[in-house]
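Just the structure for this:
(one chain, ligands or ions: 1)
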Amino acid sequence: MKKITIVGGGATGTLLAVNLIKHAGKQLIEINLVEKRERLGRGVAYSTARDFHLLNVPAAKMGAFPDDIEHFHRWLIDNHYHYAPNDFVPRRIYGEYLRELFNETLKNKSANVVVNVLDDEAADVSIECARARVALASGAVLDSDKVVLAFGNFLPPHPKSDSQSFINAKKYFRNPWRADLTEKIAVTDDVFIIGTGLTFADVVTSLYHNRHAGKIFGFSTRGLLPAVHRLGFVYPSFSGELKSQTKITDLLKAVRRHIEAAETDGSDWRAVIDSLRPQTQEIWQTLPEAEKRYFMQHLSRYWNVARHRLPPETWKILNKLQAANQLRIGKGRLRNIEADEDGKFKITYSADGIETSVSADAVINCIGSESNFNRVESSLVVNLLGKGLIKTDSLKMGIDAAPDGRTIDKNGAVSDVILTAGTALKGVLWESTAMPEIRAQARQMALSLLNGG
Ligand SMILES: Cc1cc2nc3c(=O)[nH]c(=O)nc-3n(C[C@H](O)[C@H](O)[C@H](O)COP(=O)(O)OP(=O)(O)OC[C@H]3O[C@@H](n4cnc5c(N)ncnc54)[C@H](O)[C@@H]3O)c2cc1C
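Modelled structure (predicted):
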């Protein structure tokens, strides 16, 4: 019997398990899915209980399977949720969908497939005779032929600041996804938020719905907010033109040319960006490393705000708060965060050579998931790195691996035993964090594992 252990039961781990069960045929397989019970199916992304935390992709594109992207929308209708295909649905409901999909798949599984769901945490992996022993926090050990690391999003790194004393302040919130965030913040508090991406938008909508009265200051290097979705436009693929390009500036020129053409034709720039999606991973992999670094340093922030867009409902809230002068967006380089004895913060940043200080009662870290695995605070990651079983990719954006997820150890050997999927592959594939990539990876990896890969 082939034993496969999946570490992490967020969307990635759950969909991998679902695909393994569905495609197992007559094979004898045992699947161990390790995840805390309350997180199963939901992970970090879909654990929110707040109905105003919306998916950032329309319902009709969020299906769990690459060959049936409307599956989620049909599930909504079957379950009496009245959403149109282009609606942005609460992420809470998406978590419910993934959980139910997993439970239904389990119910219908054939007898040759054994599934163990372990309400636990993986703490260590060792390799003996080309097999893995996965040690869990509870002390249990899972002998496995394959281990898939689907550990998704980690807590963000602390912001860089001359003084690090703020880290222990009561109202510094490192975890922007915690369920009780707004309960810990008084409605009159002035709030400083580091990072102005989608998690920032989540936090601001939470404050808004909590009738927050204090000032909100969003701050990031460039002060860019995600663009808003505008649906209903398509743009033909121009991938042929891009395949031979290995310079970011040439790629950028081509994209700009097509954006101008789209706007002349009454289409929209968003459709041009979306048309690149199926080729993005391939383009990334052919770029020389220096070009990838150039992109990360100069363009990634612009790419992120163009690609990871806001639902109109969320965008309206941000606009309303900005118009009322309750929400301000700042940009520059963060210099220092200091917390005084009363827990009040003084934040100093510089922009255009001018240093400015602002005060706040609470600081929320919306920098985004830590991607440098050397800094990730997970005993599993620390142990895997310590043994040299995995290493960071050269850009320190995730784990080094082959594009199909087989990890690469410190000596450069591709592993047949330890694989990874999802966010950890960002350095290798660039686009590897959202559902369209994750559902494709889950299916491909399941088929490859079942076919002896
Ligand atoms: C707040 C948020 C909102 C998002 N919204 C969208 C969206 O609307 N649309 C979209 O396409 N994408 C969205 N994403 C992107 C998201 O990353 C993916 O869609 C997807 O949910 C990622 O799933 P995952 O399982 O890889 O990661 P996660 O959701 O982070 O789940 C990983 C799981 O692994 C578990 N884990 C980690 N280490 C261990 C261990 N050692 N042992 C056991 N378990 C472990 C964690 O407990 C966690 O539950 C969002 C991401 C975030 C953070």
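
so residue 144 makes contact with residue 136?
No: counting by CB atoms under 8 Å, residue 144 stays clear of residue 136, with 11.6 Å between them. C-beta: built from backbone N, CA, C; applies to glycine.

For the stretch 251-400 of the chain, give me the ranges with low pLDDT.
In the prediction, the stretch 251-400 of the chain carries no residues with pLDDT under 70.

Around the ligand, which positions in it sit nearby?
Listed as neighbours of the ligand in the stretch 251-400 of the chain under the rule CB under 6 Å from any ligand atom: 378, 380.

how many other residues sit next to the residue of the stretch 251-400 of the chain found nearest the ligand?
Closest contact between the stretch 251-400 of the chain and the ligand, by CB to the nearest ligand atom, is at residue 380 (4.0 Å). Residue 380 is flanked by 23 other residues according to other CB atoms under 10 Å.

Ok, residue 136 next?
20.

now it, nearest residue through space, not along the chain?
Once flanking residues are discounted, residue 136 sits nearest to residue 120: 4.4 Å by CB to CB, 6 or more residues apart in numbering.

Okay, the one you found and residue 135: tell me how far apart.
10 Å (CB to CB, to the nearest Å).

What of residue 40?
20 Å.

Can you tell me how far the closest residue to residue 60 other than its chain neighbours is from the ligand?
Excluding its sequence neighbours, the residue lying closest to residue 60 (CB to CB, 6+ apart) is residue 85, at 3.5 Å. Look at residue 85 and the ligand: by CB to the nearest ligand atom, to the nearest Å, they are 15 Å apart.

Residue 85: what's it in contact with?
By CB atoms under 8 Å, 6 or more residues apart in numbering, the residues touching residue 85 are 58, 59, 60, 70, 73.

Which of the three states applies to it?
coil (DSSP: H, G, I helix; E, B strand; the rest coil).

Identify each buried residue in stretch 223-235, please.
Buried positions in stretch 223-235, judged by neighbour count with 16 or more other CB atoms under 10 Å: 224, 225, 226, 227, 228, 229, 233, 235.

Can you give the contact residues for that stretch?
Against stretch 223-235 from outside (CB under 8 Å, 6+ apart): 56, 58, 86, 88, 196-198, 200-201, 218, 258, 262, 267-268, 270-272, 274-275, 301-302, 304-306, 308-312, 315, 318, 329-332.

Just the buried ones from the residues you listed?
For these, buried by 16+ other CB under 10 Å: 56, 58, 88, 196-198, 200-201, 218, 258, 262, 267-268, 270-272, 274-275, 301, 304-306, 308-311, 315, 318, 329-330, 332.

What strand or helix carries the nearest residue to residue 208 once chain neighbours are set aside?
With CB to CB, 6+ apart as the criterion, residue 208 has its nearest non-adjacent residue at 5.1 Å, and that residue is residue 317. In this assignment (DSSP states H and E), residue 317 forms part of helix 312-323.

Summarise which helices and strands that helix is packed against.
helix 198-209, strand 327-331 (3 or more CB pairs under 8 Å, 6 or more residues apart in numbering; DSSP states H and E).

mind putting the ones you listed in TSV, distance to residue 345 included?
Putting those into TSV (distance: least, CB to CB, whole Å) gives the following:
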stretch	distance to residue 345
helix 198-209	16
strand 327-331	14
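
Look at residue 369 and tell me its secondary structure.
coil.

Apart from its neighbours in sequence, what residue is nearest it?
Closest to residue 369 by CB to CB, 6+ apart is residue 153, at 3.9 Å.

Run through the residues that contact that neighbour.
Contacts of residue 153 by CB under 8 Å, 6+ apart are 10, 43, 44, 45, 369, 423.

what comes up buried for stretch 355-366?
Applying 16+ other CB under 10 Å to stretch 355-366 flags 358, 360, 361, 362, 363, 364, 365, 366 as buried.
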